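Q: Structure for this input, please:
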Amino acid sequence: MPNIAFINGKWTSLSSAKISIEDRGFQFGDGVYEVIRTYGKACFELKEHLTRLERSANAIEIALPYQAEILEKIIQFGCRKSRFKDTMIYIQLTRGTAPRGHAYPKKKRSTLVMTFRESKPVSEEIRKKGVSIISTEDIRWARCYVKSLNLLPNVLAREAAKRAEAFEAIFIREGHVMEGAGSNLFAVFGDKIVTPSLGPYILSGITREIILRLGRENGLTMVEGSLPLDDLYVADELFLTGTTIEVLPVICLNQKPVGSTKPGDVTLSLFNIFQDYVS
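A: Next up is the predicted model:
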């Protein structure tokens, strides 16, 4: 089955999917999104993702066209219809179509687009070796807890990482770590595992929350707090978390080695704990 799309109640192949050029998502980035994956046919933390989608939508005053229970059923049907072993579901909600003007249009229906593609996990080679990351100045807006379509700073950061032959770019604000362009960051210092506290410049990653909970349940000291960039250079281990990457070891920061330059024991342990949780 080819990649498929769901647009305002209608199913189509992804190659045939279309929306109006006057959609405010295209014109202004006036919308929010979510990315969900499956393991087999089971959607991972579906309710949590939809709760975050609704929270983001409420923050910018866009109404979801379906209740969460109905949206769950549509997503589950789409996964069955796509027939992939593992599926990546992208949901985009915009304020809808209207003549171009900055103020909200009146009584316009929002646009809901969902795409279903085959999920392609991080290769075992990359996971076993670990990845390199760079740091970059945080130039994003002050409401990063909203999963907004406005991703130009993230695009520029990821391009900078690509040119540096790195996997990810980490946003730095006033000398402190915020998050990655598409991930959250954790640092290991002895028996303490630290990740930046939630705030206006950090999106609460679903995998981030799970790792914090699983770590505590397994007797690890998980700390949410301030994390200066300079501290990353003396960390024993660094790792990234995210829906698509799960728990991914970092072995190099700004071309400087991290720890032993190999995936560390704590990172590998948390990855295994996460896999058990997924199972």
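Q: Give the residue spans of this protein that score low on pLDDT.
A: Counting by pLDDT under 70, the chain contains low-confidence ranges at 1.
Q: which residues in the chain form helices?
A: For the chain, the helices defined by DSSP state H cover 24-28, 46-59, 68-82, 124-129, 152-163, 206-217, 229-232, 265-278.
Q: and of those, who's closest to residue 93?
A: Closest approach to residue 93 among the helices of the chain (CB to CB): helix 46-59, 5.8 Å. Every residue, glycine included, has its C-beta placed from N, CA and C.
Q: Run through the neighbouring helices and strands of the closest one.
A: strand 31-39, helix 68-82, strand 87-94, helix 206-217 (3 or more CB pairs under 8 Å, 6 or more residues apart in numbering; DSSP states H and E).
Q: how about those in a markdown table, adding mean neighbour count and distance to residue 179?
A: What follows is these, written out as a markdown table (neighbours: other CB atoms under 10 Å; distance: least, CB to CB, whole Å):
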| stretch | mean neighbour count | distance to residue 179 |
| --- | --- | --- |
| strand 31-39 | 21 | 15 |
| helix 68-82 | 15 | 26 |
| strand 87-94 | 22 | 20 |
| helix 206-217 | 18 | 9 |
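Q: just to revisit the earlier point, put together TSV for the helices of the chain, with distance to residue 145 on each row.
A: Formatted as TSV, those follow (distance: least, CB to CB, whole Å):
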stretch	distance to residue 145
helix 24-28	19
helix 46-59	8
helix 68-82	19
helix 124-129	29
helix 152-163	14
helix 206-217	12
helix 229-232	21
helix 265-278	23
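Q: pretty sure residue 127 is touching residue 248, no?
A: Yes. With contact defined as CB atoms under 8 Å, residue 127 and residue 248 form a contacting pair (6.6 Å).
Q: Overlap of the contact sets of these two?
A: Counting by CB atoms under 8 Å, 6 or more residues apart in numbering, residue 127 and residue 248 have no common neighbour.
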